[in-house]
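S.K.: 3D model of this:
(one chain, ligands or ions: 1)
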Amino acid sequence: MPAYRPLKIATSEITPRAVYLQRREFLAAGVFGAMSLLSARGAQASPLSTVPSIYKVDEMPTPREDVTTYNNFYEFGLDKADPAALSGAFKPLPWAITVDGMAGKPGTFDVEQIMKEFPIEERTYRMRCVEGWSMVIPWNGFPLAALLDKVEPLGNAKYVAFETVVRPDEMPGQKSVFQSLPWPYVEGLRLDEARHPLTLLAVGLYGETLPNQNGAPIRLVVPWKYGFKGIKSIVRITLTDTQPMNTWQVANAQEYGFYANVNPKVDHPRWSQATERRIGESGFFNTGRHPTLPFNGYADEIAGLYAGMDLRANY
Ligand code: MTE
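M.R.: Below is the predicted model of the structure:
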């Protein structure tokens, strides 16, 4: 018996449009009162009004303490503790996000406005880092597809490119001499991956706005891919016809590719990807090790996106 079961979502379970529209009316009627708390500029975490969703896993969520203190966010430093310790001066609000490129209605949007426009769902996803550790995180957010629909992608758009903010005065890692990554941090998805219902723009976790170290105020979550695809503190999303590079590919193309789908059968050149260490679980009698699942357990939902592709060549 595997220690945990992959998430299965029947198409019939996906929220019917009528229910979704009802929710929107409900939200418009003022349930978002709590959102005004967000106007407290620079607040680390404010409560969010959320709607439940069908996206869950049968596993214990990783304690909030671990999710918010064991981080990768190189703009704040290389150590896992740096992002929590060194992001206090970062100002996540107000925040503008530009969605441009091959779109009929490109635009620049205020993140607080967007959060009122789209229902904020609770979704618990596994996250598997390419380094071999994993977590189970209760995110709050909305499908990236909702934002893409708003700008009306043109027929020739095939990919989506993402960019993190550049603010060396607030992000000490961006001016550190020990830091060799090029800024801004960038990422990319194929348009069909970006539009997949599992692909989330997260604005919170554990029912509160995102802490700075987790990518405030808005970050990407693509649960079937290695965690590095989850670009944080996004300021630009661009529709394009050219496959975008991502930061880790630029840094080391031998080890990191465009797709980065979680795959226990394709090892990293320097370590195995067959198992993972679940953060917050290891103790005297528990190694915290789990088998890594193909597509991080989301194969039933997304394997069709890669039908006929050589996943070893497209790592
Ligand atoms: N986004 C930016 N801008 N900078 C980063 O260094 N690190 C990535 C990803 N997004 C990173 C980033 C990596 S390697 C991982 S595993 C996840 O964020 C970690 O997300 P978490 O710290 O919220 O768990």
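S.K.: Can you name the residue of the stretch 151-300 of the chain nearest to the ligand?
M.R.: Proximity of the stretch 151-300 of the chain to the ligand (CB to the nearest ligand atom) peaks at G227, 2.8 Å away. For every residue, glycine as well, the C-beta is placed using N, CA and C.
S.K.: so how many other residues sit close to the residue lying closest to that residue once chain neighbours are set aside?
M.R.: Of all residues not flanking G227 in the chain, C129 sits nearest, at 4.1 Å (CB to CB, 6 or more residues apart in numbering). C129 has 18 neighbouring residues, counting by other CB atoms under 10 Å.
S.K.: surely C129 meets F228?
M.R.: Yes - assessed by CB atoms under 8 Å, C129 is found in contact with F228 at 7.3 Å.
S.K.: What helix or strand is the closest residue to M102 other than its chain neighbours located in?
M.R.: In space, and not counting its chain neighbours, M102 is closest to A157: 3.9 Å by CB to CB, 6+ apart. Using DSSP states H and E, A157 maps to neither a helix nor a strand.
S.K.: so A157 sits right up against V99, yeah?
M.R.: No - A157 sits out of contact with V99 when judged by CB under 8 Å, with a separation of 11.4 Å.
S.K.: Give me the more crowded residue out of the two.
M.R.: Neighbour comparison, A157 and V99: the larger count goes to V99, with 22 against 19 (by other CB under 10 Å).
S.K.: Which strand or helix spans that one?
M.R.: According to DSSP H and E, V99 maps onto strand 96-101.
S.K.: Do any residues in that strand lie close to the ligand?
M.R.: No - remark: strand 96-101 sits outside contact range of the ligand, by CB under 6 Å from any ligand atom, the gap being at least 13.8 Å.
S.K.: downstream neighbour of that strand in the secondary structure list?
M.R.: As assigned by DSSP H and E, the chain's next helix or strand after strand 96-101 is strand 107-110.
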